[in-house]
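Asks: got a sequence here, can you build the structure:
(one chain, ligands or ions: 3)
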Amino acid sequence: MSTTNIFTSSFHEQDPRWSAVDAYTLSHLHPPSRPNHASLTHALENSRVKGLPDISSYPAMAKFFALQCRMGGVKHALEIGTLGGYTSIWLATMNPEMKVTTLEIDPVHAEVARQNLAEAGVADRVNVIVGPALDAMSGLHAEIERGDKPPFGFVFIDADKENNWTYFDLAVKMSAPRACVFVDNVVVKGNLVSPEAQGDEMVQGARQVIEEVGRDKRVEAVVLQTVCEKSYDGVLMAVVL
Ligand code: SAH
Ligand code: DHB
Ligand code: MG
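Replies: Numbers count the residues shown, from 1 in each chain. Ligands and ions are numbered 1, 2, ... in the order given. Okay, the predicted model is just below:
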């Protein structure tokens, strides 16, 4: 993963209204009295103290993912790019019957994620696999093909952006009909369509997956632009037909 790109550079696309709206809506819709609130706060704080980058999903998006899983009755989710386990905690705590498989290349990130998942009480339902995601995915794909493992109902692709399309293609092969596959960071402050930004690796990874998915007869998809206190970005959402 690159440490500097347009997303993390000094050019920050921010607007105080975006943070204020999240603060107001979350204070009503996910107040500190919610059972997972303390664990989620702890996960972010522990990740910060351990030096992980501040690039987890933002709360409203992670809750949206967890609610998508609730709506679809998803019991098996796959995440590519664990970081400190923030999104995994949301998925598992909001869906008590769900098992999450999450893939992380960085052993330090994986260790911090395991601490955070244990603190959240979901370590028994979230399997962190350490190593390059492609290696783990080919093993998982083979297990699913053999019928040794059920297909996934939800996939969140959020790792090295140059592999977005490779991950997406494999994710669809590993998913059940009506599964949702999300790809993070596809709008990049609008740089997705900015002529000066076409050399950026995040933009290139986003454009490749959007263009390939547009030709992919296995799915129907859309890109949702999002704003939050961190930035202006967006996700690609695809439903497996
Ligand atoms: N989904 C997380 C955030 C992920 S940040 C959340 O919402 O909290 C991206 C993560 O992808 C980083 O931890 C990075 O180490 C990991 N990553 C980068 N390249 C990878 C690869 N090839 N395989 C697996 N993980 C990778
Ligand atoms: C970066 C990666 C992410 O997945 C994200 O959501 C934000 C930033 C990055 O590599 O800078
Ligand atoms: Mg991301």
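
Asks: residues from this protein in reach of ligand 3?
Replies: The chain has residues D158, D184, N185 near ligand 3, with proximity defined as Cβ under 5 Å from the ion. Yep, even glycine has a C-beta here, placed from its N, CA and C like the rest.

Asks: now do the same contact list for the first one.
Replies: Think D158. S57, E79, I80, G81, T87, V183, D184, N185 (Cβ atoms under 8 Å, 6 or more residues apart in numbering).

Asks: so which of those belong to strands?
Replies: E79, I80, V183 (DSSP state E).

Asks: this structure: helices as residue ranges?
Replies: Counting by DSSP state H, the chain has helices at residues 16-29, 37-49, 59-72, 86-94, 107-119, 133-146, 164-173, 201-215.

Asks: check the ones you listed for me and report the most buried one.
Replies: helix 86-94 (a mean of 26; mean count of other Cβ atoms under 10 Å).

Asks: near ligand 1 at all, it?
Replies: Yes. Judged by Cβ under 6 Å from any ligand atom, helix 86-94 and ligand 1 are in contact via Y86, T87.

Asks: is ligand 2 contacted by that helix?
Replies: No. Shown here: helix 86-94 not in contact with ligand 2 (Cβ under 6 Å from any ligand atom), separated by at least 10.2 Å.

Asks: in this protein, which residue sits nearest ligand 2?
Replies: I55 (3.8 Å; Cβ to the nearest ligand atom).

Asks: I'd guessed that residue sits against G84; true?
Replies: No. I55 lies out of contact with G84 (Cβ atoms under 8 Å); the separation is 9.8 Å.

Asks: the more surrounded of the two?
Replies: Neighbours were counted for I55 and for G84 using other Cβ atoms under 10 Å; G84 has more, 30 against 19.

Asks: give the full set of residues in contact with the more buried one.
Replies: Going by Cβ under 8 Å, 6+ apart, G84 touches A43, L44, N46, S47, K50, L52, S56, H109, V112, A113, N116.

Asks: mind running it again at 7 Å?
Replies: By Cβ atoms under 7 Å, 6 or more residues apart in numbering, the contact list for G84 reads A43, N46, S47, L52, S56, H109, V112, A113, N116.

Asks: and for F65?
Replies: T87, W90, L91, F156, F182.
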